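# need a structure here:
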Amino acid sequence: MPIGALKRADDFLPPPSKLVMPERTTKVTLRLSEQSIAFFKEQAKKHRTKYQKMMRTLLDQYAKKYS
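Numbers count the residues shown, from 1 in each chain. You can find the predicted model right below:
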C-alpha cells in the first residue's frame with residue numbers, strides 16, 4: 001500500500017523513433033586471435049547481441065577515454 005499522496009511523474013522518455021539513431025561506421029579488415037573471437041562470441045551469445053557490436057563498443061569506449 002502506498003504511504004502518503006501519490007504524485008504522477010512526467011513522461012520523460014523519448015519515443016522509440018528517437019532511440020534508433022543510425023551511426024556512421026567504416027568497414028575494416030582486421031586479423032584477430034581465435035581466442036579473442038571465441039571470447040566475444042561466447043559473451044555475445046550470453047547477452048543476446050552480436051559479437052561485432054560488442055567489439056565496436058569496446059573500441060569506441062577505449063578511443064573516447066584516451067582522446
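
# Ala44: what secondary structure?
Each residue gets one of three states, and Ala44 gets helix by DSSP: H, G, I helix; E, B strand; the rest coil.

# oh sorry, the question was meant for Leu32
coil.

# same check on Lys27?
Three-state assignment for Lys27 (three-state DSSP): coil.

# what is the burial count for it?
By other Cβ atoms under 10 Å, the residues close to Lys27 number 4. No exception for glycine: its C-beta is placed from N, CA and C like everyone else's.

# quick one, what contacts it?
Residues in contact with Lys27 (Cβ atoms under 8 Å, 6 or more residues apart in numbering): none are found.

# tell me how far it lies from Arg56.
11 Å (Cβ to Cβ, to the nearest Å).

# what's the answer for Tyr66, then?
For Tyr66, the distance to Arg56 (Cβ to Cβ) stands at 16 Å.

# likewise for Phe40?
Distance from Phe40 to Arg56, by Cβ to Cβ: 10 Å.

# in terms of neighbours, single out the busier of these two.
Counted by other Cβ under 10 Å, Phe40 and Arg56 do not tie: Phe40 has more neighbours, with 18 against 13.

# start to end distance for stretch 6-17?
In stretch 6-17, first residue to last residue: 30 Å (Cα to Cα, to the nearest Å).

# next one: it to chain centre, how far?
The chain centre lies 22 Å from the centre of stretch 6-17; the measure is Cα atoms, centre = their mean, to the nearest Å.

# which helices and strands does the host helix or strand of Gln35 pack with?
Using DSSP states H and E, Gln35 sits within helix 34-47. In this structure, helix 34-47 packs against helix 51-65, with contacts taken as 3 or more Cβ pairs under 8 Å, 6 or more residues apart in numbering; DSSP states H and E.

# so for the helix it packs on, what gets flagged as buried?
The neighbour-count check on helix 51-65 (16 or more other Cβ atoms under 10 Å) flags 51, 54-55 as buried.

# repeat for stretch 37-44
For stretch 37-44, burial by neighbour count (16+ other Cβ under 10 Å) applies to 40, 44.

# could you do stretch 9-22 as well?
For stretch 9-22, burial by neighbour count (16+ other Cβ under 10 Å) applies to no residue.
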